[in-house]
Structures are given as structure tokens and as C-alpha cells.
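1. Next one to model:
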Amino acid sequence: MTNSTGAALAAISLHQLPNRQWATVLDVARPDSPEDRELALRLTEIGFVPGEAVCIVANGVPGREPLAVRLGHTTFALRRHEAALIRVTPGAAGHG
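-> Next comes the predicted model:
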């Protein structure tokens, strides 16, 4: 993915995204452990798919967990471990 000047945008894990900054989902990791593979499938099934706009709207204390994540018109509570499986690029069309 590139920005308007053609420069490549760096992908980060969703849990690294600052609060209230919109991003675009690139993909969900394909982990090796069976538990994490099932988790990655659930994340994809609920809508964390390439091209979707996502934003961390709040976080719990202490340790910034859970994360309140906005995806479309729905807000999900994700653990940092779950959010770490979702790769995003900062910035999303039509947002912030």
C-alpha cells in the first residue's frame, strides 16, 4: 500500500495504533498454534478483513487492556494479544 506521494506505508499491528487514529486493515496473521488459528478465523469472521477502516476508541487501565476497537458501526473489546494478530496501515479513506 502507498500514500498519495507513492511512498510505502508501514504496516503495524492494531495494538500499536494510537487511540483515535484511523487505520486500514491489511490482513489477519496466520499463527502456528491451533488456538491462535481459531482466534484469527473468528477475527476474520466478525469483519477484520482487508480494506476495512478500524480505530481504537478507548483502552482499559492498567496496561491498556482491553482495547475498544471501532470497526464499521460496531465496537469490539479486544485483548492486546488479539489485536496484535491484525495488521493495519495508519490512515483510512474517509476518516480522520
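2. can we go C-alpha only for contacts and neighbour counts from here?
-> OK.
3. can you confirm His81 is in a helix?
-> Yes - His81: assigned to a helix according to DSSP: H, G, I helix; E, B strand; the rest coil.
4. how about the strands in this protein?
-> 12-13, 22-28, 53-59, 67-71, 74-78, 86-90 (DSSP state E).
5. looking at those strands, which is closest to Leu41?
-> Evaluated over the strands of the chain, closeness to Leu41 peaks at strand 22-28, with 8.4 Å, by C-alpha to C-alpha.
6. what does the closest one contact?
-> Residues outside strand 22-28 that contact it (C-alpha atoms under 8 Å, 6 or more residues apart in numbering) are 11, 17, 40, 43-44, 48-56, 85-92, 95-96.
7. returning to that earlier point: now the strands of the chain in JSON lines, with mean pLDDT, mean neighbour count and distance to Glu35?
-> Formatted as JSON lines, the strands of the chain follow (pLDDT from 0 to 100; neighbours: other C-alpha atoms under 10 Å; distance: least, C-alpha to C-alpha, whole Å):
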{"stretch": "strand 12-13", "mean pLDDT": "96", "mean neighbour count": "19", "distance to Glu35": "19"}
{"stretch": "strand 22-28", "mean pLDDT": "96", "mean neighbour count": "23", "distance to Glu35": "14"}
{"stretch": "strand 53-59", "mean pLDDT": "95", "mean neighbour count": "22", "distance to Glu35": "24"}
{"stretch": "strand 67-71", "mean pLDDT": "96", "mean neighbour count": "21", "distance to Glu35": "20"}
{"stretch": "strand 74-78", "mean pLDDT": "95", "mean neighbour count": "15", "distance to Glu35": "16"}
{"stretch": "strand 86-90", "mean pLDDT": "96", "mean neighbour count": "24", "distance to Glu35": "16"}
